[in-house]
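Asks: I would like the atomic coordinates for the input below:
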Amino acid sequence: MIKKGSQIQVEIERVAYKGKGVCRVDGMVLFVPGTLPGDNVEVRIIKKKKNYAEGIVVQRIKNSNQRTTPLCQHAGFCGGCTWQHATLDAQRSFKTEQVRDVMVHTAGLNPSVVRDIIACDKALGYRNKMEYSFGPRKWLTPDEIHSGVEFPKDGFYAGLHAPGRFDKIMDLQECHLQDSHSYSILATVRSWMTKRGITAYDPVTHQGFLRHLVIRNSPKTNQWMVNLITNGENDEIFYELTEHLVGQFPIITTLLYTVNDTRSPVSYGKREIITHGNGKILEQLGQYKYWIRPQTFFQTNTLQAEKLFNTAREFLLLTHHENNNQSARLLDLYCGVGSITLTMHDLFKECTGVELVEESVEYARENAQLNEIINCTFVAGDSSKILTEDFLLKHAFPGGIQPNDVLITDPPRAGMHPDVIQQLLGSGLHKILYISCDPVTLARDLGMLKERYDVQIIQPVDMFPQTYHIENVTLLSLKAT
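Replies: Prediction:
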């Protein structure tokens, strides 16, 4: 019988969604983070519930043949890379099988509709955005706890929030998810601030100056943006640090400070002070260019996003007849700054993008002008409210929906609102392309959409190696009546 605090030896059988190893003990499911199928480990039980338990590894007895040595010293602790200890082949296999499992058990689909995952060419250094945090309290690793070293409780620590802790920072010395310039800039900011006695923001007391550091870059244009989020304004610090950073890192295209003096732990605020450059960088996906500003939502892996969009385009072309672009219309829900709409525009006569955030709609229009695209219209609105029969027939598909008209939806992690799904079920649209960043909410939505639509293909795309996150492109077609 499993009891909290007890230690048992187990062999891990499989990996669950979100990366935890799984096995069964006395008929109960046991989750063990940081383990892989084939690992034989001694585990201490830290949580016991009615139907499952959780444990942590006390000792490794035998390693899985799918295990590898992580490059980063922080792997296994910081939460940024959940699977650096797994080979890339193993990671891809886990992800494909997890998509198939959730489609079977949640959506009731045949697993054969799920293709093998599309691999990412870069296993590390692929992110175009990293958001670091600062704080006065350091999260300690087990080795640091047992070292006997005293760490200041009012220090200046820079890195990522420790998993599950809003008040403690894992003080990063390296991070390999973005280009190495990223953590070098982080280290320089930390050193500069520490030498001058400038404080890190404390979310408990709402005191301290520096809150976050957001670094964005484009691998295509090699432009870099540095955005420091502060709890207040200080022109002297702003301009002195700007001079120091730009001198140390000539790659920095633009640098700014965002003032957030509220308690909200976000990286945007009431004022932006640009101290170098024009406050934006130019990104490129395929042949199209996009302006990226501090708060612009954009695909985080530029090179893999091209594979994602190419996959979506291939799916559209499966039933896209010659000269369709002379009559077909596209409706793109949750369109953001228009990246999908603009990428697909040449396949359609007219395209309409819908986005909740008005600022993103303005940027989408700007990006259309930047690329000299004239057949795209962008509308600000909540998809759950704007997607009415009147909108579909008067704005998106004037004159009525035709067989070659298409809807693309790329919702946030929570998936589509139930009202959107109900509207789609009654719309009569012949083809839907669903791009999702969460297999669980995708499966939930497909389980409802399959009432009127056949799920033809689901293509997983490995956008984020070393993590459990999975992107999927799904093609749906209206069932014959």
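
Asks: Only C-alpha atoms from now on, for both contacts and neighbour counts.
Replies: OK.

Asks: Which neighbouring residues are in contact with Gln7, exactly?
Replies: Neighbour list for Gln7: 42-45 [criterion: Cα atoms under 8 Å, 6 or more residues apart in numbering].

Asks: Show only the entries of the residues you listed found in strands.
Replies: Members of the contacts of Gln7 lying in strands (criterion: DSSP state E): 42-45.

Asks: sorry, back to before: can you lay out the contacts of Gln7 as JSON lines showing distance to Tyr132 and neighbour count?
Replies: Below are the contacts of Gln7 laid out as JSON lines (distance: Cα to Cα, whole Å; neighbours: other Cα atoms under 10 Å):
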{"residue": "Glu42", "distance to Tyr132": "34", "neighbour count": "19"}
{"residue": "Val43", "distance to Tyr132": "32", "neighbour count": "21"}
{"residue": "Arg44", "distance to Tyr132": "32", "neighbour count": "21"}
{"residue": "Ile45", "distance to Tyr132": "32", "neighbour count": "22"}
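
Asks: will you turn the residues you listed into CSV that also has pLDDT?
Replies: Formatted as CSV, the contacts of Gln7 follow (pLDDT from 0 to 100):
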residue, pLDDT
Glu42, 96
Val43, 96
Arg44, 95
Ile45, 94
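
Asks: Can you convert the residues you listed into a markdown table and add a column each for distance to Tyr52?
Replies: Output for the contacts of Gln7, formatted as a markdown table (distance: Cα to Cα, whole Å):
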| residue | distance to Tyr52 |
| --- | --- |
| Glu42 | 18 |
| Val43 | 14 |
| Arg44 | 14 |
| Ile45 | 11 |
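
Asks: what about the strands in the stretch 251-400 of the chain?
Replies: Assigned by DSSP state E, counting those that start in this stretch, the strands in the stretch 251-400 of the chain fall at 252-259, 271-276, 281-285, 288-292, 329-333, 350-355, 376-380.

Asks: Tell me which of these sits nearest to Phe315.
Replies: Smallest distance to Phe315 across those (Cα to Cα): 14.0 Å, for strand 329-333.

Asks: Report back the residue of the protein that's furthest from centre.
Replies: Residue farthest from the centre of the chain, counting by Cα atoms, centre = their mean, is Met1 at 39.4 Å.

Asks: where's the spatially closest residue to it that is not a sequence neighbour relative to Pro37, distance?
Replies: The shortest distance from Met1 to any residue other than its chain neighbours is 6.6 Å, reached at Asp26 (Cα to Cα, 6 or more residues apart in numbering). In this structure, Asp26 and Pro37 are 18 Å apart, going by Cα to Cα, to the nearest Å.

Asks: out of those two, which sits in the busier spot?
Replies: Applying other Cα atoms under 10 Å to Asp26 and Pro37 shows that Pro37 carries more neighbours, namely 19 against 8.

Asks: Was I right to think the more buried one contacts Val15?
Replies: Yes - contact criterion Cα atoms under 8 Å: Pro37 and Val15 qualify, at 6.7 Å.

Asks: what do those two both touch?
Replies: In contact with both Pro37 and Val15: 21-22, using Cα under 8 Å, 6+ apart.

Asks: Convert the C-alpha atoms of the helix-or-strand element of the chain with minimal mean pLDDT to PDB, please.
Replies: Among the helical and strand segments of the chain, the one scoring lowest on mean pLDDT, DSSP states H and E is helix 142-147, with a mean of 77. What follows is helix 142-147, C-alpha atoms only, in PDB (Å, rounded to 0.1, in the frame of the first residue of the first chain):
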ATOM      1  CA  PRO A 142      19.000  20.700  -3.200                       C
ATOM      2  CA  ASP A 143      22.800  20.900  -3.500                       C
ATOM      3  CA  GLU A 144      22.700  24.600  -2.400                       C
ATOM      4  CA  ILE A 145      20.400  23.800   0.500                       C
ATOM      5  CA  HIS A 146      22.900  21.100   1.700                       C
ATOM      6  CA  SER A 147      26.000  23.300   1.000                       C
END
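
Asks: next SSE after that helix?
Replies: Sequence order places strand 157-161 as the next helix or strand after helix 142-147, per DSSP states H and E.

Asks: Following the chain past that next one, name the next helix or strand.
Replies: Per DSSP H and E, the first helix or strand lying C-terminal to strand 157-161 is strand 169-171.

Asks: Against Pro163, how distant is the residue most central in space within the chain?
Replies: Closest to where the C-alpha atoms of the chain average out (Cα atoms, centre = their mean) is Thr300, at 6.5 Å. Distance of Thr300 to Pro163, computed by Cα to Cα: 21 Å.

Asks: Touching, Asp382 and Glu358? I think so.
Replies: No - Asp382 is not in contact with Glu358 according to Cα under 8 Å; the separation is 10.2 Å.

Asks: how many other residues sit next to Ile237?
Replies: Ile237: 13 neighbours (other Cα under 10 Å).

Asks: swap that for Arg100, sorry
Replies: When counting by other Cα under 10 Å, one arrives at 23 neighbours for Arg100.

Asks: per-residue pLDDT, Leu241?
Replies: At Leu241, the model reports a pLDDT of 98.

Asks: swap in His321?
Replies: In this model, His321 carries a pLDDT of 60.

Asks: Same check on Ala75?
Replies: On the pLDDT scale, Ala75 is placed at 89.

Asks: Secondary structure element holding it?
Replies: Following DSSP H and E, one finds Ala75 outside all helices and strands.

Asks: thinking it is in contact with Thr69, fair?
Replies: No - look at Ala75 against Thr69 with Cα under 8 Å: they stay out of range, at 9.7 Å.

Asks: Please say which of the two ends up with more neighbours.
Replies: Per other Cα under 10 Å, whichever of Ala75 and Thr69 has more neighbours is Ala75, with 19 against 10.
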